[in-house]
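In: Below: sequence and its predicted model.
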Amino acid sequence: MAHDIVFFLAPDDESAAATRLQGPGRAFESVTCRFIEPDTAIAEWDMYFEEPSAEAPPLERLLRWSWPEWVATPVNDGIEVFALPQRLTRALANAGAADLEELAGRWTTRLRSADGDDMTDDDLPAVLQGVARLAVSAVRTGGGLYSWSY
């Protein structure tokens with residue numbers, strides 16, 4: 001499980017990949033959280049917008065979903081930089097409050113069932129709303145939405 005996760009805006013994959021060693025820092029608009037798996041979250045959010053449902057998907061179905069791609073070659077240091085799929089970025093940018101609330105509830109339920117007491121202390125609906133705000137900026141500016149984690 002990743003300890004520190006930063007969802008951030010960057011103008012392109014090259015700029016996002018350059019954050020690999022030090023993280024995005026203050027150079028990029030971002031939302032932070034802790035103790036989640038960003039690739040799983042990204043896949044789950046993408047699945048929600050492609051196949052909306054208030055119920056969390058079975059783990060087997062989620063594992064078969066299209067996962068985000070790395071923008072920096074992973075090495076053995078635990079740092080990962082993913083690009084959120086463009087369709088997910090557009091879906092988050094266009095999502096209404098009800099969609100985000102339903103997705104946050106579903107995501108929280110899945111994390112609670114998987115992680116129990118070890119679940120993150122972050123306000124997951126606030127994290128998701130923050131990422132959706134970043135998505136609005138990404139769509140408006142033509143940039144990309146990424147996650148950095150360690």
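Out: Thanks, I have it.
In: Tell me which strands the longest strand seen in the chain pairs with, and in which orientation.
Out: In the chain, with assignment by DSSP state E, the single longest strand is strand 2-10. Here strand 2-10 has these sheet partners by DSSP bridges: strand 30-36 (antiparallel), strand 144-149 (antiparallel).
In: List every C-alpha atom in the very next helix or strand once past that strand, with coordinates, as CSV.
Out: Note on strand 2-10: by DSSP states H and E, the next helix or strand toward the C-terminus is helix 13-17. C-alpha atoms of helix 13-17 as CSV (Å, rounded to 0.1, in the frame of the first residue of the first chain):
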residue,chain,number,x,y,z
ASP,A,13,3.7,13.0,-19.6
GLU,A,14,7.3,14.2,-19.7
SER,A,15,6.7,16.8,-17.1
ALA,A,16,4.9,14.3,-14.9
ALA,A,17,7.6,11.7,-15.3
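In: Phi and psi next, for the closest residue to residue 48 other than its chain neighbours.
Out: Excluding the flanking residues, the one nearest residue 48 by C-beta to C-beta, 6 or more residues apart in numbering is residue 103, at 4.9 Å. Any C-beta I mention is one placed from the backbone N, CA and C, and that applies to glycine too. Main-chain torsions, residue 103, degrees, to the nearest 10: phi -60, psi -40.
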